[in-house]
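# Sharing a model that was predicted from the sequence below.
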Amino acid sequence: MPPPPNPLTGNLSGVVLLILIIAVPLALLTSIALLAFYRRAVLRVMRTRAQAGMSEPAPPETSGASQPPVQTPLNIVLRNSTLDPSQSSASETLFADLLRGPWRAAAIYTLAGLCYALVTTTIFLVATKSGFHPLNAMMIFWYYAWPVVITILVVAAATWRTRLSVLAIYFLIIIVLGTITLIQKASIDWARVVLLWFLTNLPATLLLLVFLNRRIQAVGPLVLTFMIFAVTGVVFLPPFIVFNEKLILPIIEIGEALGLGALGIFFAILVGSLIGFGAIGWLMLQGIRSLYQRGKISAQSITIDAIWLLFGIIQSVDLIFVGERWFFVSLLAFLVFKIVAWVGFSIAGRNTPASRKHPSLLLLRVFSLGKRSERLFDMLAMYWRYAGSIRLIAGPDLATATVEPHEFLDFVSGKLSRRFIDNARTLELRVSEIDLQPDRDGQFRVNDFFCYDNTWRLVLSRLVDRSDVVVMDLRGFSAQNAGCIFEISELINMMPLGQVLFIIDETTDEPFLRQVIQQSWEHMRPASPNRLPASGLVQLFHLNGLHDREFKQLLRVLSVAANEVPKTQAFA
C-alpha cells in the first residue's frame, strides 16, 4: 500500500503563501521591538561612565591671558549663495562624483533588474505555453520590471520630486503599452490590464512598504530572513514527518517512552522544527555578518537583494499551478540579477581612478533633532558614501538609522557593550578598524563610534584629527547644548575652518552661536591651524528644507570644503 500523499507537496503555492503570511507580521513586530530595545540599550550605556576611565581633555579656556592674541579677524559668512566660480577642478570633480554615484548604482541595478524581468518573462511564456506575441511579452516584461522602480527609489531618489518622476515614467510606459494592446485586442480592457499588474506586483509591494520604512529598514531584511527560515520549519517539517511512516514511528516510540501523549509528541515536533530551522536561519545571519565584515556585501545590497528575492518568490507562486518545478526554475532569475549586478559593479570599480581622493566626512549634530537628523543623514549618506566614508559619534537620534548588521547581531547576542569605547586602547582599535575601502557596490561605510559619558570628548578629538571635512548640524542649538559648545571649540582648535560647515535654521539661536564661535576663536590653542593668516572664515549654511536644489548646493559647498588645504599642510 503506497504511503498517503503529503498535502504540502500537492499544495506548494499555499505553503509558500502561508509561510509569508506568518513570517512577515512576526518579522515586522520583532524588528520594531528589537530596534526599540536597541535604541534604549544604546542610550542607557551612553549615559554611564566607563569604569576604566580615560583622562578627558581640559574644558575650553575662559581667559586668554596665557595665550597669544589672535591676529586674524573672524568672519562668519552664509554659504547658501553661489560659490566663487574659481573653485578648484578637484572640487568640481568631487561634486560631479557625488551627484553621479547614486545614479550609477541605480543604472547597474536597473540593467540587472531588466535581465531578471527578461528571464522571468521567458520562463513564464515557456511554462504556460503561451506562445510568443511581441506586445504580450512586452507587457509581461514590464510588469516583472516593477522592482526596478522600487530599487531606484531606495538607491537614488532622494526627494519626493525625483520619486514621483520615476513612478510617472514607469506608469506612463504601462499606459502606452496598454493603449496599444487595447487598440489591437478588443477582448482586453483597462480593468484586466490593471488587475494583472496588481496580481503580479501588489502583494510584494505592500510587504516592502512595511520593511522599507526608515524605522526598520536597517534590520528588517535580516529579521525577515530569520523568520522565513524559522516559520518554514514549523509549517513544512511537522506535516512532512507526520505523513512519513519511516520518520513518525520512531518519534512516537521515543515520545511514548518519555511519557508523552499524542499532543505532547506533536508539540515536541513543532518545537524541534522551530529550533532546527531557526538555527539554520541564525547561521544564515552569521554568514551575512561575515560577508559584511569582509566587505563582500553592503547594508544597501542586503536590502536590494531582499527586494528582488521577495518579488522572485511571490511572482513565482503562480507557476506552481503549471508545475512545481517551475517555481524553483523561476528563482534562477534572481541569480541572473545577482550576476549582472556583480559584473556591473566590478566594471564600474575598475574604471574608478586609483588616485582619486576619497574624503571622509565627520557628522556632528544636536542629538535632540530626532527625525530631522535622520532625514539629513539619509540624504548625505545616499550621495556622500559614493565618494568617501562617513564618521559619527553614535547617539539615540541615529541609533536605528546607522545600525550595521554586525552591531545588531552583537546586540541580539547580548554583546553590545563591547562596541563601546572605554579606554585609549579601545579607541585606537576602533580607529584602526575604520573602513577606508568601498564595498563591491561602490559605497563607503558609515563608521559610528559608541561612547560612554566620559569618553566621547576624546573620541571627538580623534575623529576630527582623522577627517577631511566636518558637517555640524546646529539646528535647534541653544545654550542648553553644552556638548555642542565643546565640539565647536574643538573644531576651531583642531580643524581648518575652511573644512568645517555649520548648518543652521530658524530654530538655531544664531546670536548665541556667533557668541560661542567668537569666544572659542579668541581662546583657541596656540597650535591651532586657524592661527594662520587668512583662516578666520566660519561658514554657515541655512537649511530651509531638504529640497533638491538646496541639497545640491549643500553638496557643492561640502565639495569645496573637502578640497581645502589639509591639516598637515596647514601646519607646515
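Good, I have the coordinates.
# Which residue ranges of the stretch 451-572 of the chain form strands?
Secondary structure of the stretch 451-572 of the chain (DSSP state E, counting those that start in this stretch): strands located at 469-473, 500-504, 537-542.
# okay if I get those strands as TSV plus mean pLDDT?
Below are the strands of the stretch 451-572 of the chain laid out as TSV (pLDDT from 0 to 100):
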stretch	mean pLDDT
strand 469-473	93
strand 500-504	93
strand 537-542	90
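# Any idea which of the ones you listed gets closest to Phe198?
Evaluated over the strands of the stretch 451-572 of the chain, closeness to Phe198 peaks at strand 469-473, with 41.8 Å, by C-beta to C-beta. All C-beta spots, glycine's among them, are computed from the backbone N, C-alpha and C.
# quick revisit: most tightly packed of the strands of the stretch 451-572 of the chain?
Neighbour counts averaged per stretch over these are highest for strand 469-473, at a mean of 24; criterion: mean count of other C-beta atoms under 10 Å.
# can you count the residues close to Val234?
By other C-beta atoms under 10 Å, 18 other residues sit near Val234.
# That one touches Leu274, doesn't it?
Yes - counting by C-beta atoms under 8 Å, Leu274 is a contact partner of Val234 at 5.3 Å.
# tell me, what's touching those two both at once?
Counting by C-beta atoms under 8 Å, 6 or more residues apart in numbering, no residue touches both Val234 and Leu274.
# got the residue ranges for the helices in the stretch 351-500 of the chain?
For the stretch 351-500 of the chain, the helices defined by DSSP state H, counting those that start in this stretch cover 371-384, 405-412, 424-432, 456-465, 482-494.
# quick one: contacts of the third one?
Taking contacts as C-beta under 8 Å, 6+ apart, the residues outside helix 424-432 that touch it are 54, 420-421, 449, 455, 458-459, 462, 466.
# how about the lengthiest helix in the chain: buried residues?
Counting by DSSP state H, the longest helix found in the chain is helix 89-128. Using 16 or more other C-beta atoms under 10 Å as the test for burial, helix 89-128 gives 91, 93-95, 97-99, 101-125, 127.
# what's the answer for stretch 524-536, then?
Residues of stretch 524-536 classed as buried: 524, 528-531, 535-536 (neighbour count, 16+ other C-beta under 10 Å).
# can you list those in CSV and add pLDDT and distance to Asp318?
Formatted as CSV, these follow (pLDDT from 0 to 100; distance: C-beta to C-beta, whole Å):
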residue, pLDDT, distance to Asp318
Met524, 87, 68
Ser528, 87, 67
Pro529, 86, 65
Asn530, 85, 66
Arg531, 80, 71
Ser535, 66, 67
Gly536, 74, 68
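# what about Leu497, how many residues close to it?
25.
# cool, and Ser316?
Number of residues near Ser316 (other C-beta under 10 Å) recorded here: 24.
# which SS class is it?
helix (DSSP: H, G, I helix; E, B strand; the rest coil).
# So what touches stretch 366-383?
98-99, 101-102, 155-156, 158, 214, 361, 363, 365, 390, 395-398, 401-402, 446, 471, 473-477, 481, 483-484, 503, 543, 546, 551, 555.
# scratch that, stretch 509-519 is what I was asking about
With C-beta under 8 Å, 6+ apart, stretch 509-519 has contacts from 74, 76, 474, 477-479, 485, 488-489, 492, 502, 504, 538.
# can you do 10 Å?
Residues outside stretch 509-519 that contact it (C-beta atoms under 10 Å, 6 or more residues apart in numbering): 60-62, 64, 74, 76, 474, 476-481, 484-485, 488-489, 491-492, 497, 502, 504, 538, 540, 542.
# Relative to the whole chain's centre, how far out is that stretch?
With C-alpha atoms, centre = their mean, to the nearest Å as the basis, stretch 509-519 stands 35 Å off its chain's centre.
# Using PDB, write down the CA coordinates of that stretch.
What follows is stretch 509-519, C-alpha atoms only, in PDB (Å, rounded to 0.1, in the frame of the first residue of the first chain):
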ATOM      1  CA  ASP A 509      19.900  80.500  18.500                       C
ATOM      2  CA  GLU A 510      22.100  82.300  16.000                       C
ATOM      3  CA  PRO A 511      23.200  85.200  18.200                       C
ATOM      4  CA  PHE A 512      24.300  82.700  20.900                       C
ATOM      5  CA  LEU A 513      26.100  80.600  18.200                       C
ATOM      6  CA  ARG A 514      28.000  83.600  17.000                       C
ATOM      7  CA  GLN A 515      29.000  84.400  20.500                       C
ATOM      8  CA  VAL A 516      30.200  80.900  21.200                       C
ATOM      9  CA  ILE A 517      32.200  80.900  17.900                       C
ATOM     10  CA  GLN A 518      33.800  84.300  18.800                       C
ATOM     11  CA  GLN A 519      34.800  83.200  22.300                       C
END
